[in-house]
Each structure stands twice: as C-alpha cells, then as structure tokens.
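[1] Provided below for reference: sequence and predicted model.
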Amino acid sequence: MSPANEERDAEVSQVEDKIETREIVQRAKEMLMQERGLDEPAAFEIIQQSAMRGRTRMRDIASRS
C-alpha cells in the first residue's frame, strides 16, 4: 500500500471514529434529557464534566450510560 493510501485510510478511520463518537454522545444526551428532564446543553455539560473529572474521553463516559 502506498503512503498516500495509508494516509487516506488513516483519515477515513479518524472521521469514522469522530462520527461514531458523536452518535454515542448524542444517544447519552438524549437519555439524560429524557430521564432527568434536562435540556441539551445541560446534558452535554454533565457528560463533559464527568469526562473532565475522570480524565477520560466523553465517548467513554457516554458509552457507560
């Protein structure tokens, strides 16, 4: 495989990972909004703050929900 193809494959993989992360976080936000009656920014902040406190990715926090 040529270096250009490897680079392209790496970029595609990164984009796919970002999309998947957004989908996971979105599902977690929706769950928090429904269960706790929060608006979207508040649900996002809960996930974000939990990730910061645990020094982990938001995706990892959202996956636990």
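    Yes, it's here. Residues are numbered from 1 along each chain as shown.
[2] the helices in the chain, which residues?
    Listed in chain order, the helices of the chain (DSSP state H) span 3-36, 40-54, 58-64.
[3] Pick the most deeply packed of the ones you listed.
    helix 58-64 (a mean of 17; mean count of other CB atoms under 10 Å). (Each C-beta comes from the backbone N, C-alpha and C, glycine too.)
[4] where in the protein is pLDDT low?
    Low-confidence segments of the chain (pLDDT under 70): 65.
[5] cutoff 90 now
    The model of the chain has pLDDT under 90 over residues 1-4, 64-65.
[6] Quick check: the gap between Val15 and Thr21.
    Computed as CB to CB, to the nearest Å, the Val15 to Thr21 distance reads 11 Å.
[7] One more: Glu30?
    Distance, Glu30 to Thr21, using CB to CB: 15 Å.
[8] repeat for Arg57
    Distance of Arg57 to Thr21, given as CB to CB: 8 Å.
[9] Likewise for Glu7?
    21 Å.
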